[in-house]
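Peer 1: below: sequence and its predicted model.
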Amino acid sequence: MSFTLLLIASAVLMSLLSYAVYAADKRAAQQGRRRVPERILHLLALLGGWPGALLAQQRLRHKTAKPRFLIVFWLTTLGHIAIVAASVVLR
């Protein structure tokens with residue numbers, strides 16, 4: 001499998017996982033159940049799931065009103081992009 005294809009496949013899988021975890025957290029919040037820790041949501045974004053996380057934030061209206069969360073989210077997103085860019089350049 002080529003490096004590019006591997007990057008794309010991992011981004012798609014992590015995005016699907018991130019969306020599912022955001023949806024589960026939203027349901028837990030609505031039902032008063034135990035929530036997914038924010039550090040897990042940020043870790044998923046850092047590992048490449050940020051597109052799915054961003055889509056979930058917008059479609060599910062989840063975590064969009066928490067400025068601190070959003071700042072960390074965008075920093076992890078930039079971190080992921082920087083890591084991928086460096087791995088492409090250094091290849």
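Peer 2: Great, that's in hand.

Peer 1: going forward, measure contacts and count neighbours with C-alpha atoms only.
Peer 2: Fine.

Peer 1: helices of the chain, residue ranges please.
Peer 2: 3-31, 38-44, 50-60, 67-89 (DSSP state H).

Peer 1: just say which of the ones you listed is most tucked in.
Peer 2: Stretch with highest mean neighbour count among the helices of the chain: helix 50-60 (a mean of 20; mean count of other CA atoms under 10 Å).

Peer 1: ok, back up a step: will you turn the helices of the chain into JSON lines that also has mean pLDDT?
Peer 2: Converted to JSON lines, these look like this (pLDDT from 0 to 100):
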{"stretch": "helix 3-31", "mean pLDDT": "95"}
{"stretch": "helix 38-44", "mean pLDDT": "96"}
{"stretch": "helix 50-60", "mean pLDDT": "97"}
{"stretch": "helix 67-89", "mean pLDDT": "93"}
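
Peer 1: which residues does stretch 46-53 contact?
Peer 2: Stretch 46-53 has contacts (CA atoms under 8 Å, 6 or more residues apart in numbering) with 10-19, 22, 41, 44-45, 76-77, 79-80.

Peer 1: again, but for stretch 69-89
Peer 2: 38, 42-43, 45-48, 50, 63-64.

Peer 1: if we take those, which one ends up nearest to Gln30?
Peer 2: Gln30 lies nearest to Lys63 out of the contacts of stretch 69-89, by CA to CA, at 12.8 Å.

Peer 1: right, and that closest one touches Leu54 too?
Peer 2: No: Lys63 lies out of contact with Leu54 (CA atoms under 8 Å); the separation is 9.8 Å.

Peer 1: what sits against the closest residue to Leu55 other than its chain neighbours?
Peer 2: Closest residue in space to Leu55, ignoring its immediate chain neighbours: Tyr19 at 7.3 Å, by CA to CA, 6 or more residues apart in numbering. Neighbouring residues of Tyr19 by CA under 8 Å, 6+ apart: 52-53, 55-56.

Peer 1: turn those into TSV, including distance to Phe69.
Peer 2: Listed next are the contacts of Tyr19 as TSV, based on distance: CA to CA, whole Å:
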residue	distance to Phe69
Gly52	16
Ala53	12
Leu55	15
Ala56	14
